[in-house]
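>>> The amino acid sequence is not available; the structure is as follows:
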């Protein structure tokens with residue numbers, strides 16, 4: 001956790017990769033983002049202080065279902081009674097890319113277990129640039145169709161989304177019904193000088209992890225997890 005607050009995600013990335021690689025290939029075929037979120041929370045070694053799915057009003061002028069709300073996958077506020085030197089909060093955007101979508105982006109056949117094993121081994125040895133250039137097929141719920149994208153595009157969309165979330169968190173509580181900000185009773189917001197560090201974490205085929213570190217945003221607020229809900 002200390003390294004993440006200081007802006008270094010190398011150790012966390014390596015630990016997450018080792019854990020994912022230790023799991024059976026079968027579990028990586030269609031594992032969803034909720035599974036990744038649970039693993040990340042445990043690895044942070046502070047499940048009692050993390051706030052999953054932190055609720056935000058992204059655009060108070062819109063209605064529910066039309067872009068009004070947003071949810072930060074994992075938010076780690078500072079600890080209650082933290083020293084002035086430990087005022088960094090962490091916001092994480094998680095992206096999970098499963099083996100089935102990677103395979104179907106380049107083949108129309110149904111993958112066998114051997115196909116999954118070979119693909120997973122290839123992913124482990126590829127460099128970051130090659131991984132980001134890979135194509136990925138997924139189902140678009142909004143368009144009710146299959147679409148193909150690249151891992152680089154997924155990472156870029158994650159960066160854009162997380163930046164907006166971080167800027168919204170920095171606003172504190174919404175001051176009016178049409179304003180933006182944090183509306184989650186699991187967080188107590190007061191005057192302070194906390195800053196927000198963000199990470200986009202992409203798990204790929206249960207074999208690799210790519211992390212993008214966002215630029216820190218300063219705030220005029222403090223963020224502490226509520227003791228009682």
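Now that the structure is in, tell me what you want to look at. These numbers were taken from a predicted model, which means no experiment stands behind them.

>>> give me the number of residues near residue 129?
8 (other Cβ atoms under 10 Å). In this view, the C-beta of every residue, glycine as well, is placed from N, C-alpha and C.

>>> Wait, a helix at it?
Yes: the assignment for residue 129 by DSSP: H, G, I helix; E, B strand; the rest coil puts it in a helix.

>>> do you know how far it is from residue 58?
In this structure, residue 129 and residue 58 are 32 Å apart, going by Cβ to Cβ, to the nearest Å.

>>> which residues in the protein form strands?
Secondary structure of the chain by DSSP state E: the strands cover 51-57, 69-76, 88-97, 135-140, 145-150, 181-182, 187-191, 195-204, 208-213, 217-218, 221-225.

>>> What strands flank the third one, and is each parallel or antiparallel?
So that's strand 88-97. In the sheet, strand 88-97 lines up against strand 69-76 (antiparallel), strand 195-204 (parallel) (DSSP bridges).

>>> out of those strands, deepest packed?
Most buried of these by mean neighbour count (mean count of other Cβ atoms under 10 Å) is strand 195-204; its value is a mean of 23.

>>> Quick one: residues in contact with stretch 18-31.
39, 43, 96, 98-100, 111, 113, 116-117, 120, 124, 203, 205-207, 209 (Cβ atoms under 8 Å, 6 or more residues apart in numbering).

>>> mind running it again at 10 Å?
35-36, 39-40, 42-43, 96-103, 111, 113-114, 116-121, 123-124, 203-209 (Cβ atoms under 10 Å, 6 or more residues apart in numbering).

>>> How much space separates the closest residue to residue 204 other than its chain neighbours from residue 139?
Leaving aside its chain neighbours, residue 204 sits nearest to residue 97 (4.8 Å; criterion: Cβ to Cβ, 6 or more residues apart in numbering). For residue 97, the distance to residue 139 (Cβ to Cβ) stands at 14 Å.

>>> of those two, who's got more company?
residue 97 (27 against 10).

>>> For residue 197, see how far away that one is.
In terms of Cβ to Cβ, residue 97 sits 24 Å off from residue 197.

>>> got it, and residue 112?
From residue 112 to residue 197 the distance is 42 Å (Cβ to Cβ).

>>> Same question for residue 187.
From residue 187 to residue 197 the distance is 16 Å (Cβ to Cβ).

>>> Please compute how far the helix or strand of the chain with the lowest mean pLDDT lies from its chain's middle.
Ranked by mean pLDDT, DSSP states H and E, the helix or strand of the chain with the weakest confidence is helix 2-5, at a mean of 77. Relative to its chain's centre, helix 2-5 lies at 16 Å (Cα atoms, centre = their mean, to the nearest Å).

>>> Stretch 220-229 now?
That offset, for stretch 220-229, works out to 21 Å (Cα atoms, centre = their mean).

>>> do the same with stretch 128-138
With Cα atoms, centre = their mean, you get 18 Å for stretch 128-138.

>>> okay, and for the protein, where does confidence drop off?
Counting by pLDDT under 70, the chain contains low-confidence ranges at 1-2, 46-48, 79-85, 228-229.

>>> Name all residues that make contact with the most far-flung residue of the chain relative to its centre.
In terms of distance from the mean C-alpha position of the chain, residue 109 ranks first, at 31.0 Å (Cα atoms, centre = their mean). When contacts are counted by Cβ under 10 Å, 6+ apart, residue 109 touches 103, 115.
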